[in-house]
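Visitor: got a sequence here, can you model it:
(one chain, ligands or ions: 1)
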Amino acid sequence: MEFADELLPGARFVRLKRFDDARGSFVKTFSRSLFEAAIAGMPGGEPFELSEEFYSTSARDVIRGMHFQVPPHDHVKLVYCASGAVLDVLVDLRRGPGYGKVASVRLDAAAPSLLVIPKGVAHGFRSLTDDSLMVYKTSTEHSPAHDQGIRWDSLDFAWDCPAPVISARDRAHPPLAEFESPF
Ligand SMILES: Cc1cn([C@H]2C[C@H](O)[C@@H](COP(=O)(O)OP(=O)(O)O[C@H]3O[C@@H](C)C(=O)[C@@H](O)[C@H]3O)O2)c(=O)[nH]c1=O
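Guide: This next block holds a predicted model:
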């Protein structure tokens, strides 16, 4: 694991090592000791406590987001693309000079990587392939009452996706300009 770029304060792009052989490949996606060493003490960094793991599959041009849980059930999220590829997008919702800042990065199963997403950062993605498998680990459990979003098309970001497939819930989120941040 190589803790590479900081996309937003505390949001890290981590390159993963892939071992290939005649059978296929092997990729480790979590190591407690490496995360403790790399994350603790960083701005926005805190030890990662696993509470839930889940995954989704998405067809090409599905957009999911922009999602986060609000306090007291806000969480750190680790996410990677296990199959296919996505354009991953983050928005900083933490009050301060970085508020509203957008970062994006391609997550591609062919070049394994994962994102560490701190509390107060909304997450979403556009699927770039027909069967993108996204795997998440979160530090708190799902709390429907605290699971919120902002509209994907209200950000300072060009999705370059004229006909996205989006859930009714995601269409109903408020735009960033109307969001009152609790972070
Ligand atoms: C997120 C979540 C959803 N659900 C249910 C609610 C709903 O019936 C169904 C699908 O939920 P959603 O439409 O919210 O799924 P989805 O849009 O894929 O939600 C995900 O989006 C990405 C961008 C994230 O960052 C994730 O944290 C998560 O919010 O699964 C759970 O039971 N537990 C959960 O933790």
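Visitor: which element is residue 115 on?
Guide: Taking DSSP states H and E as the definition, one finds residue 115 inside strand 113-117.
Visitor: can I get that strand in PDB? Just the C-alpha atoms.
Guide: Listed next in PDB are the C-alpha coordinates belonging to strand 113-117 (Å, rounded to 0.1, in the frame of the first residue of the first chain):
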ATOM      1  CA  SER A 113      -6.300   1.800  -5.600                       C
ATOM      2  CA  LEU A 114      -8.500   3.000  -2.900                       C
ATOM      3  CA  LEU A 115      -9.800   6.200  -1.400                       C
ATOM      4  CA  VAL A 116      -9.800   7.200   2.200                       C
ATOM      5  CA  ILE A 117     -12.700   9.700   2.600                       C
END
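Visitor: so residue 157 sits against residue 102, correct?
Guide: Yes. Applying C-beta atoms under 8 Å, one finds residue 157 in contact with residue 102, separated by 4.5 Å. Every C-beta, even on glycine, is put in place using the N, C-alpha and C of the backbone.
Visitor: list residues touching both of those two?
Guide: Among the neighbours of residue 157, those also in contact with residue 102 (C-beta atoms under 8 Å, 6 or more residues apart in numbering) are residue 89.
Visitor: number of residues surrounding residue 177?
Guide: Other residues within reach of residue 177 by the criterion other C-beta atoms under 10 Å amount to 9.
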